[in-house]
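A.B. asks: Predicted model and sequence below, questions to follow.
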Amino acid sequence: MSQKHTISRKLKNEELDRLEISEFKDAKKSPIIIILDNIRSLNNIGSVFRTSDAFLIEKIYLCGITAQPPHNDIRKTALGSTETVDWEYAEHTLDVIEKLKAEDVNICSIEQAENATMLNDFKPQPNQKYAFVFGNEVKGVAQDVVDASDVVIEIPQYGTKHSLNISVSCGVVIWDVFSKLKNTN
């Protein structure tokens, strides 16, 4: 017995109810901050901006060797989101972590580590702001940053590589936490 399938019409760009830049700037943001710890790839940086725009992320901190807008290779993947998402450069990731901890932000490094909390087990609390640290494509999040974190979160992986691209990791984490926070309100 076959199930009846309804064909869906793709939406046109003008039907997507997109915010104008000024509306985005005024919109209530998700209690999520992204910290990029020494990211090499400009395309990864642009992708993180684009994902951050999609989920109304409060701010991105670009640290260490992480490149900053404007840059053509960031612009190609960011598709204008460097104009919407607030960002700030800091030479040292630990300085950002200290500043955010003083503002009662919970620091979460995304890394494979001993005693890490699996992402599916991570339960974000309402009325708590979170900063998620994503590390270098080869070395990951620096150990001193992991040490300064409130929690280390690992994305469960079951294949042979146990390695995700940083922009993919960021998308997985943001979607997961955004969804969980939305369900607690």
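C.D. replies: Sure, I can see it.
A.B. asks: Pull out the buried positions in stretch 96-103.
C.D. replies: Of all the residues in stretch 96-103, those buried under the rule 16 or more other Cβ atoms under 10 Å are 96-97, 100. Using the backbone N, CA and C atoms, a C-beta is placed for each residue, glycine as well.
A.B. asks: Ile35: which of those residues is nearest?
C.D. replies: Val96 (5.9 Å; Cβ to Cβ).
A.B. asks: element containing that closest one?
C.D. replies: Val96 belongs to helix 93-102 when elements are defined using DSSP states H and E.
A.B. asks: and that helix, what's its mean pLDDT?
C.D. replies: On average, the pLDDT along helix 93-102 is 98.
A.B. asks: which is the next helix or strand following it?
C.D. replies: Next along the chain after helix 93-102, taking DSSP H and E as the criterion, comes strand 106-110.
A.B. asks: mind listing what the helix or strand that comes right after that next one pairs with, with the direction of each?
C.D. replies: For strand 106-110, the succeeding helix or strand toward the C-terminus, using DSSP H and E, is strand 117-118. Here strand 117-118 is paired, per DSSP bridges, with strand 151-154 (parallel).
A.B. asks: just to revisit the earlier point, output the buried residues of stretch 96-103 as JSON lines; include the columns distance to Asp26.
C.D. replies: Output for the buried residues of stretch 96-103, formatted as JSON lines (distance: Cβ to Cβ, whole Å):
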{"residue": "Val96", "distance to Asp26": "25"}
{"residue": "Ile97", "distance to Asp26": "28"}
{"residue": "Leu100", "distance to Asp26": "23"}
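A.B. asks: Pretty sure Arg40 sits against Glu137.
C.D. replies: Yes - Arg40 is within contact range of Glu137, at 5.6 Å (criterion: Cβ atoms under 8 Å).
A.B. asks: any idea of the angle the helix holding Val96 forms with strand 106-110?
C.D. replies: 140 degrees (axes from the mean of the first three to the mean of the last three Cα atoms, to 10 degrees).
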